[in-house]
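# here you go, sequence then predicted model.
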Amino acid sequence: MEEIVVPAFQGCVTRMSPSYIHDSDGSSSSSHQSLKSTAKWAASLENLLEDPEGVKRFREFLKKEFSEENVLFWLACEDFKKMQDKTQMQEKAKEIYMTFLSSKASSQVNVEGQSRLNEKILEEPHPLMFQKLQDQIFNLMKYDSYSRFLKSDLFLKHKRTEEEEEDSPDAQTAAKRASRIYNT
């Protein structure tokens, strides 16, 4: 977000967004977010997968469950969809196939047999060629491992840490300052 500076208001407290407060010197009064990351992660798997820290924690959990390949496949497919160069797409498609989908894959994901790709299709890649398989893996994570993740010690420990940080004197001071600034 680009900050617009109006000369008459230079040196005043600026409001970039509700989650951050900047003093006149540009320093942040609070690193406290308006909505804790664990609350966002618990709202949906989509939210969790959009947050780099959430992905990191989810991967840690899946690694312990011996199913990290699911999120790695999902992430590889997301990267693949953003590719523009045909040659890079071919290389990435083959990499995804050999890593996750081939019968000899090192990190084979569990997808329905009839959904597996034929190697011939890899020669003519398109951004959504893995979509059906990615959706299967997403649903597998959503209805299986994601719900266990939300009950896991890993998630609950992170949630407690956030709550403790929220209750710290620094966070309370920042919250009071925000309350004064925004008249809440």
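Nice, I can see it.

# which residues in the chain form strands?
14-17, 20-22 (DSSP state E).

# tell me the average confidence for the shortest one?
Strand 20-22 shows an average pLDDT of 32 in the prediction.

# swap in the longest one?
Averaged across strand 14-17, pLDDT comes to 29.

# ok, for Asp79, nearest residue in space, not its chain neighbours?
Residue nearest to Asp79 in three dimensions, not counting chain neighbours: Lys92, with 7.2 Å by C-beta to C-beta, 6 or more residues apart in numbering. No exception for glycine: its C-beta is placed from N, CA and C like everyone else's.

# can you pull the contacts of that neighbour?
Residues counted as contacts of Lys92 (C-beta atoms under 8 Å, 6 or more residues apart in numbering) are Ala76, Asp79, Phe80, Met83, Pro125.

# thought the fourth one was touching Ala93?
Meaning Met83. No. The pair Met83 and Ala93 fails to qualify as a contact (C-beta atoms under 8 Å) at a distance of 9.2 Å.

# these two - which one has more neighbours?
With other C-beta atoms under 10 Å as the criterion, Met83 and Ala93 differ in neighbour count, and Ala93 comes out ahead with 24 against 16.

# how many neighbours does the closest residue to the more buried one other than its chain neighbours have?
The shortest distance from Ala93 to any non-neighbouring residue, by C-beta to C-beta, 6+ apart, is to Pro125 (4.2 Å). Using other C-beta under 10 Å, the number of residues around Pro125 comes to 21.

# Pro125 against Met89, yeah?
Yes. Under the criterion of C-beta under 8 Å, Pro125 makes contact with Met89 at 4.2 Å.
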